[in-house]
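Novice: Just need the structure, nothing else, for what follows:
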Amino acid sequence: MRRPVATVVLTLAIGLASCATKQDLYVIEQSKINDTVRDVLNSQQEASRNPSKLDALREYENYILKHFSYKDELKAEALHRLGDLYMKMEDTIYRRRLDLYAAEQDKSALPGKKSSAAPARPKIDHGRSIAIYEQLLKLYPTRAANDSVLYQLAKGWYESGQTDKAIAILERLLKDYPRSFYRSEASFRLGEFYFESGLFKQAAVAYEAAMGKQNDSRLAEVVRYKLGWSYFQLEDFPRASELFLNMLDNRAIQDRSGKKRLDVNAYTERDAAMLKEVISATLLAIDYQGGAPELAAYFKKHGHRDYEELLYRNLGDLYLRQERIQDAGQTYATFVEENPLHEAAPLFQAAVVQLYTKARWTDAALQARITFDQKFGADSPWAKRQDLAVRNRIKPKLKEAIMQVAQYYHAQAQTTKDPALYDDAIKWYQRFLDQFPDEIEAGQVTYLLGELYYDQGRYTDSATAYEKSAYFYPTHASSADAGYGAILAAGKAVDKAGGQIPEEVAVAMYENAAHFADTFPKDPHVPEVLLKGAEMAYQIKRYEASRELAKRAGSSAPSTDGRLRYLAQKLISSSYFEEKNYTKAADEYRKTVELAQRLQPQEAAELKRVLASAVYKQMEGLKQEGKTKEAAEGFLKLYDELPTTDVASIALFDAGAALLSMGNTSEGVKTMQRLLKENPNSPY
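Specialist: Here you go, the predicted structure:
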């Protein structure tokens, strides 16, 4: 039967020892130690562990304890290696048991598997390694390499659940070996023990010691993180936040623009998770110190960072989740105050606006919108610093803010009739137009400006604004209303001036009426506007223009609006009369009288009088032209058609006189006799 390698090596070593010098024995033992350790470690990698390997290790342990009294350093080294070897074996055995435990757990979870008592979770057993390490320390208490032994022993006690013993061992290590290679890690482990026990002051001291010299950069970061949390638990929030912020400084990555930012997507999943934890810890520490003002104070003292935007945003979002509206608003506003020229500053101010609007804090939301324009409007230092692309990105929010301020004052003015509020609304609408003259909303804003001027009685300004809104800008929802408003406002301006209006203004007004009809032909106000234009043209004796507008008014008026059709026809008649075109005037007045008899009977008599006057003037004209016969016939016809009018008796007299002058004595006498009979009271 073949003997295990470890046993063969051990037997050979014992045999050689009987015939070798002390120096030779030292070399032999060193070689044997190395071979045994290697052989046992290799056995731990095998799928099926050979028990003889562990037997050989125990045989080797007994041999070490009985020999080497002549060479203490070799015995100490052998014991040290033996303890390490046992610990490795114990770790390996424990991991295998955990794998078996997990496999059993998986099997019990399979469908249809009958439930049975769950196997107990395995525990690690460091009994042999602990015993070897303690024996080594007892035999050689002042050995230089005992710092490593103490570190391993502390690990063994901790993993065995003996935390108090582990702490005592680590404290001994740090006391007896202040320059040990294991000092930083031992301090960290000690800090962990204290932290888990709630001894945060001791934990902070241990973590501070661990930060002294740290070769492992990842461990150094963890140490700083736990130290920060220790100070946090001790309510030393300034020191905690400073540690966390230092970690963020180290984590920041320079982007293409040369700025050092914190981008979670630029890290591995593990590092990104750590970064998120540090950010959360930072924000908590800052919050306990008073929030955003403290964050601002830190950066004022230590210099601004490119990643400040991320911290302020996350702090504000934290407050939002906690429904701390005022704190969230203060946080966003603080970023704006501290970084007024930052590219993202307008977005923070917009967040303030949105926050206060949603909370229905009307006054605060109004002031936030005003601040938005003051800090990021077209003439602000921020706007002058940014390029066009950046300015365009905030344009929608800026337009919205200015418009909402204007509309707020507009609504308040209409409710209270306070002149100061009207002025505020006008100022903000004008502010919008100054910054966005070519935007699609400009036409509507100009219309609203016209409304405000109209309400204030500033009719000339109102007419100008309405007209610009209607015709200067692309068609919008209020274009037609603006055009009609321009007509009304202009009329009000004339009334306010006592009817006195410069001719050029009047011309503009009636031309504007035509423009309105041409631009908005389907608007129901077209007939009314055309009639007003016709009246304005008539007033300044532009009779042809008046007739044209009146004809359009009459033809565009609905059939049900007889009143407007009548007024238009009356204006046409009057315009011819004023031009002394009595023939046309008479023809048009006959149409007017016909409409009046059906629609306005109370006016029919007066219109007949004017009609009679027009016909009389017409006949007088014929008489002057030497057309006496035609004039006589016309006078007679006038009398027959309109016998009750003022000029009827005059017309009958003139008819008789004309006949007599022509030598038609018989007809002339009959006409005079008729006058005497039918109009005895006539002065003629």
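Novice: Tell me the buried residues in stretch 628-646?
Specialist: 628, 631-636, 638-639, 642, 645 (16 or more other C-beta atoms under 10 Å). Every C-beta, even on glycine, is put in place using the N, C-alpha and C of the backbone.
Novice: Can you tell me the element the closest residue to residue 422 other than its chain neighbours falls in?
Specialist: When the adjacent residues along the chain are set aside, residue 422 lies closest to residue 413, with 4.4 Å between them (C-beta to C-beta, 6 or more residues apart in numbering). Per DSSP states H and E, residue 413 falls inside helix 388-416.
Novice: For stretch 510-526, which outside residues touch it?
Specialist: 467, 470-471, 479-480, 483-484, 486-487, 490, 529-530, 532-534, 536-537, 542, 545-546, 549, 552, 556 (C-beta atoms under 8 Å, 6 or more residues apart in numbering).
Novice: do stretch 609-619 as well
Specialist: For stretch 609-619, the external contacting residues (C-beta under 8 Å, 6+ apart) are 573-574, 576-577, 580, 582-583, 585-586, 589-590, 592-593, 630-631, 634-635, 637-638, 641-642, 645-648, 650-651, 654.
Novice: rewinding a little: let's see which of the contacts of stretch 510-526 end up in helices.
Specialist: Among those, the members falling in helices (DSSP state H) are 467, 470-471, 479-480, 483-484, 486-487, 490, 529-530, 532-534, 536-537, 545-546, 549, 552, 556.
Novice: what sits against residue 186?
Specialist: 150-151, 154, 170, 173-174, 180.
Novice: and it, how far is that from residue 325?
Specialist: 48 Å (C-beta to C-beta, to the nearest Å).
Novice: Have a look at this structure and report its longest helix.
Specialist: helix 72-108.
Novice: can you give me the offset of that one from its chain's centre?
Specialist: Here helix 72-108 is found 59 Å from its chain centre; the criterion is C-alpha atoms, centre = their mean, to the nearest Å.
Novice: cool, stretch 474-482 as well?
Specialist: 30 Å.
Novice: One more: stretch 138-153?
Specialist: Taking mean C-alpha positions (C-alpha atoms, centre = their mean), stretch 138-153 and its chain are 64 Å apart.
Novice: ok, and for that stretch, which residues are buried?
Specialist: Under 16+ other C-beta under 10 Å, the buried positions of stretch 138-153 are 140, 143, 146-153.
Novice: Which members of the residues you listed define the maximum pairwise distance?
Specialist: By the measure C-beta to C-beta, 140 and 151 form the most distant pair in those, at 15.9 Å.
Novice: circling back to that earlier point, which other helices and strands does the longest helix of the chain contact?
Specialist: helix 22-43, helix 51-66, helix 127-139, helix 146-159 (3 or more C-beta pairs under 8 Å, 6 or more residues apart in numbering; DSSP states H and E).
Novice: Quick one: mean pLDDT over it.
Specialist: For helix 72-108, mean pLDDT rounds to 84.
Novice: Kindly report the same for stretch 204-223.
Specialist: 79.
Novice: Which parts of the protein are strands?
Specialist: According to DSSP state E, the chain carries its strands in the segments 253-254, 260-261.
Novice: Enumerate the positions of stretch 656-663 that are buried.
Specialist: Buried, per 16+ other C-beta under 10 Å, within stretch 656-663: 656-660.
Novice: and if you look at stretch 550-568?
Specialist: Buried-residue list, stretch 550-568, by 16+ other C-beta under 10 Å: 550-554, 556-557, 564-568.
Novice: Just give the nearest non-adjacent residue to residue 649, would you?
Specialist: residue 682 (3.8 Å).
Novice: Find the nearest non-adjacent residue to residue 119, please.
Specialist: residue 104 is the one closest to residue 119 (C-beta to C-beta, 6+ apart), at 5.2 Å.
Novice: hang on, isn't the one you found packed against residue 120?
Specialist: No - counting by C-beta atoms under 8 Å, residue 104 stays clear of residue 120, with 10.5 Å between them.
Novice: Tell me which of the two has more neighbours.
Specialist: Neighbour tally, residue 104 and residue 120, criterion other C-beta atoms under 10 Å: the higher count belongs to residue 104, 13 against 7.
Novice: show me what contacts residue 232?
Specialist: Contacts of residue 232 by C-beta under 8 Å, 6+ apart are 240, 281, 284-285, 288.
Novice: what bits of the stretch 51-200 of the chain have low per-residue confidence?
Specialist: Applying pLDDT under 70 to the stretch 51-200 of the chain flags residues 51-57, 60-61, 63-71, 106, 108-118.
Novice: do the same with the stretch 501-650 of the chain
Specialist: Using pLDDT under 70, nothing in the stretch 501-650 of the chain is flagged.
Novice: Contacts only, for the residue nearest to residue 422.
Specialist: Neighbouring residues of residue 413 by C-beta under 8 Å, 6+ apart: 421-422, 424-425, 452, 455.
Novice: Can you tell me how far it is from residue 294?
Specialist: Residue 413 is 42 Å from residue 294, by C-beta to C-beta.
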